[in-house]
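> predicted model follows, preceded by the sequence.
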Amino acid sequence: MSGYDAIVIGAGHNGLVHAAYLARAGKKVLVLERRPVVGGATITEEIFPGFKFLTGSYLISLLRPEVIRELSLAKHGLELMPLESTLVPLQSGDYFADWPDHDMTREEIARHNRRDADIYPEYAATMKRIALWVKPLLDIAPPNPASNDPRDKMAMAMIAERLRAMSKSDFDLLCRLLTTSAADFLDEWFEGEALKGTKCTSGIIGTFLGPRSAGTGYVLLHHYLGEIDGVFRAWAFPRGGTGAFAQAVYSAARSFGVEVRTNAAVKQVIIKDGVAKGVALENGDEFYARRIISNADAKVTFLNLVDKKELSPDFVNDIRRFRTTSAACKVNLALDGLPTFTSIPKGKEALYRGSIEIAPSIDYVEKAYDDAKYGGWSTRPFMDALIPSLLDPGMAPPGKHVMSLFVQYASSELEGGWNAEKRATFLDIVIDTLSQYSPDIKSKILFKHINTPDELERQFALSSGNIFQGELALHQLFFLKPVPTFAHYKSPIKHLWMCGASTHPGGCITGAPGRNAAMSLLRDFQEESA
Amino acid sequence: MHDVIIVGSSPNALAAAARLLAAKKRVLVLEPSDHLGGPVSSHEFHPGFWADTALSSAPLHPMIEQELGLSIAVLPRRTVTVIGKAHNASEVSVGRFQKAVLPAAFRNGTALLQALHASPVGDLPNMTGSEAEALSMIGAQLLGLGEREMMEVLRLGFMSARELSLELNLPFADRVALSIGSVYGLNEGPFARTNVWNYLVHEALNDGLSGPQVVGGLGRITALLADKVRSLGGEIEMGLGPLAVDVDAGSAWGVSAGDRTVEAKRIASDLDVQRTFGQLIPPYHLEPECLRRVRQVRYRGNVARVFIALRKQPEFAGVGEEDLLGTLVIANDVESIERAWDEAKRGNLPADPPIFVTLPSRGDPSRAPTGAHVLAVTVLYVPSGWTDRSRVKEAVLRLLGEHAPGIEQWVDHVEVNLPVDLEERFSLTGGQLYGGETNLSQSFFLRSMPGCRGGCTPIENLYLCGSTGHPPGYSGMSGWLSAGNLLATA
Ligand SMILES: Cc1cc2nc3c(=O)[nH]c(=O)nc-3n(C[C@H](O)[C@H](O)[C@H](O)COP(=O)(O)OP(=O)(O)OC[C@H]3O[C@@H](n4cnc5c(N)ncnc54)[C@H](O)[C@@H]3O)c2cc1C
């Protein structure tokens, strides 16, 4: 069996995006996915009959608009419903809320702290300028600063040019934001505990650090790079859950002629004379192609799928030290009815439709980190809750609801390791914490489900369960991502490429690694035939 | 009229004075307090017992030492011995920090930082020709390492001491020493990213755990520099009390002490940004945006210095004679250091603060009466506002007692210098020893504060020349570079 131009290992959203772009350019592409379903960590699963659970990702923000456009995802069924609000219930019984509408948010901030409300417009405008500046970097293959290749040199010159075009104060702010902690950064702007509590969470999502640790400023910026329908920093829920987004990409890919096989776990990349030729499946089948592209994370790809003999010890060491520790969990609840959040006043019921964040202050989140960082879990975790069935009634049977909870922190390096009992104990902690804000939640639970880091690893083949296929950290960013000198989607093995979230610009539903890798690979094909 | 008045007298200020004098400028150094040198000074904390008050080491930059023809006697670089319990170990172990086995990136990174520290910081991204030239030379030095080593150096400064220790699988003594060196002077724990940068900064300054001891005490550096300044025709006055810089229409023109005003064409402040723009100059001279930047500089000092007069040389279990010439770190594993930080960040004194200890009288008998000894203890994670001296004293004596049994009976006197004391004594905001935390986010062109590169300030004719600027520390280099900049714009 041959004749394929490319084989993509993994049908995560990046693998599918990648395949779609290659096929759109006329390449013959085969995608092989180990699971019975496509989507990777971007998936909707009916774990409890009638209830659709978001067992991985749950919201979309960083998805590159050109991916939606170029793959005509709307035509393939993608419908994004912008999130209407963020609610932060406070321990005092009051709440803090945030809306896409700037003036409403400002008024709400003023209710808590007048000074914060005065400075907020400037903060928002500044972050927007910085994000607009950084965004184009998401769409390029990182240049190698040590290389003499004219293409690298041109890209470096382009970046330098853009830097010079930035105002001096924005440039300074960008540099500080990248290197400082989310808490220190926010302290420079705001006083209000609740406001800073919710803002700091952008700095810790998927990151095993607390808001007071340097390194979280960069993560905060990463989560500010999104937009939905041109609305900066907005988050949206795709009708049908994030799995429906993956289905839209899948449908687009197939429309371009991509062939996708599920239940097709790759066991090994077939390498001959240092060149990747094909893949061998667990079931013994072999497929051959001109290029092999892995959507699996860098550790899985090079430590599990490639024979170590084919790699230099330096490279193997680089991959080993690629950091993937994690502390994120995903909880889904099937509910008999809508739970009550006591801090939501009468007349403000619309707040149920937004995200509900348990992050009343920086100190709360920091404490949650401190509990977990020595191989434990938070006794009072940070969580980001959503009731998708309010946005899309199709997510649960009539009158019933589902709740999705993104939870931190529970260590991937739990003392003594994870097991079913510990998973259940942590799930109870999550629900206990939630019931402090929603006392009737326990009585509404029909079924509960948790994906702890070990489960995320087992189900989605994510090393240490890291939700971003590797930590968002400066020392493994841009031209250092996933490892130094292999940040351009290529690998030391000729014709073996990468296209997953382990590569630039990293995790989240973005489509960017898949698209960028496709652009580079198509050029590679072109050069080969020239 | 003076060409330049310098307010403050740390080695940075005096190095600036010397460079200006050599360029035939008329220079007056005004020191508000009754001692010279700022934190680079020694004091007699008990009759016959001398301590280097704020820092255990602060060498002058070799280039400045040479340019000024000074010869400062220092002992060899200190060895670092770590005493403590490894994670999960039941016994205390004693080990040497084996710096030589760290990867080449450490040495390359240190060399690069040294080059950066000796070069004027350009106003990135828009630099003048000479700044761009200086930076491109450092860029060439980086590229010269070759692709792989260059990348290794670049990633180092972004990492946390903890993740680097794990990555390199460092033995106990090495990971503890690396952690202590990385968090020293920062308001951070070893788990936070980018703190390895701070380790490299102190390596480059040669004032970290292995920084050498000055024979005759740190005050010697200041005394020799002051002599040099005077011999070049500079004037130095001290004990003046609070000073104020006189500003008119956004331009500085003199310095006042009480009723007396001295005029000068330029003023250079050795104080940190906050003190310069809070005490020397009334805040209303600054634009609101600039004042905000002043307030954003972080100074959460959390280092206390404790001095102990001992009647006899102490004996630490498992520690050899020659180790006592070096630095002893007393701390358990990386996790315990982070736990100490967990306490400190909530305003509490950790039960077991990490400490490092030197015995200056061991290599330099002039520091204590014959047969007696001075033990200098640097205590990490004493919260910046902490005022209870006795709790710090107890903690230190208990920790020492655990590893040097019976030491209490030889103690004649203990002096505790909390961050608040260091603040008061040396005009250091928050007791921060370097005039601003030395994190990556407050380094290079972001130091002293964004928009104040090369010692320039928003006030015309006013410069900064202290550790608050680039580079941090008391090597004299910040003053030297600032003086160069002042001369270039004169
Ligand atoms: C719990 C959780 C919550 C998240 N929340 C959000 C969110 O709200 N918003 C957001 O933007 N992002 C979120 N993310 C991150 C986001 O889901 C990921 O960054 C993104 O899905 C990565 O996509 P990918 O295609 O690069 O990789 P993956 O989704 O990891 O896909 C890789 C695919 O490769 C397959 N594979 C691996 N090995 C093999 C093999 N040997 N053979 C065949 N196939 C193989 C895997 O099964 C998988 O399908 C979340 C992630 C998790 C886990």
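Received the coordinates, thanks.

> ok, residue 189 - contacts?
Let's take chain A. Residues in contact with residue A:189, defined by C-beta atoms under 8 Å, 6 or more residues apart in numbering or on different chains, are A:116, A:119, A:123. C-betas here are computed from N, CA, C, even on glycine.

> my bad, the chain I had in mind was chain B
Contact analysis of residue B:189 by C-beta under 8 Å, 6+ apart lists A:213, B:183, B:337-338, B:340-342, B:345.

> and of these, the nearest to the ligand?
Using C-beta to the nearest ligand atom, residue A:213 is the member of those that lies nearest the ligand, at 20.7 Å.

> ok, the closest one to residue B:195 distance?
From residue A:213 over to residue B:195 the distance is 9 Å, taken as C-beta to C-beta, to the nearest Å.

> and for these two, which residues touch both?
In contact with both residue A:213 and residue B:195: B:160, B:188, using C-beta under 8 Å, 6+ apart.

> so what's the residue count around the residue nearest to residue B:4 when sequence neighbours are not counted?
Nearest non-adjacent residue to residue B:4, counting by C-beta to C-beta, 6 or more residues apart in numbering or on different chains: residue B:266, 4.7 Å away. Neighbours of residue B:266 under the rule other C-beta atoms under 10 Å in any protein chain shown: 23.

> next SSE after the helix or strand encompassing residue B:266?
Using DSSP states H and E, the element containing residue B:266 is strand B:260-269. Under the assignment DSSP H and E, the closest C-terminal helix or strand after strand B:260-269 is helix B:273-275.

> ok, residues contacting that following helix?
B:269, B:294-295, B:297, B:299, B:427, B:429, B:435-436, B:448-449, B:452, B:464, B:468.

> recalculate using a threshold of 6 Å.
By C-beta atoms under 6 Å, 6 or more residues apart in numbering or on different chains, the list of residues contacting helix B:273-275 from outside reads B:294, B:297, B:427, B:429, B:448-449, B:468.

> next: stretch A:505-516.
A:13-14, A:17-18, A:21, A:42, A:57, A:60, A:62-64, A:67, A:138, A:141, A:468, A:472, A:499-501, A:503.

> stretch B:103-123 too?
Everything outside stretch B:103-123 that qualifies as a contact, by C-beta under 6 Å, 6+ apart, is B:131, B:134-135, B:138, B:145, B:152-153, B:156, B:200, B:203-204, B:444-445, B:453-454, B:470-471, B:477, B:481.

> so which of those sit within helices?
Taking DSSP state H, the ones among these that sit in helices are B:131, B:134-135, B:138, B:152-153, B:156, B:200, B:203-204, B:477, B:481.

> circling back: any of the contacts of helix B:273-275 buried? List them.
Burial by neighbour count, 16 or more other C-beta atoms under 10 Å in any protein chain shown: within the contacts of helix B:273-275 this picks out B:294, B:297, B:427, B:429, B:448-449, B:468.

> max pairwise distance over those: which two?
Among those, the pair separated by the greatest distance (C-beta to C-beta) is B:427 and B:449, at 17.5 Å.

> just to revisit the earlier point, buried ones only from the contacts of stretch B:103-123, please, as a ChimeraX command.
To isolate the buried ones among these in ChimeraX, judged by 16+ other C-beta under 10 Å, type:
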select /B:131,134,135,145,152,153,156,200,203,204,444,445,453,454,470,471,477,481
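
> show me where pLDDT drops low in the chain?
Looking at chain A here, since you left the chain open. Along chain A, the parts satisfying pLDDT under 70 run over A:1-2.

> meant chain B actually
Scanning chain B for pLDDT under 70 picks out the ranges B:490.

> mind running it again at 80?
Scanning chain B for pLDDT under 80 picks out B:121-131, B:451, B:453, B:490.

> please parse it into its domains.
Annotated domains of chain B cover B:2-41+B:218-297+B:448-488, B:74-215+B:300-425 [automatic domain parsing].
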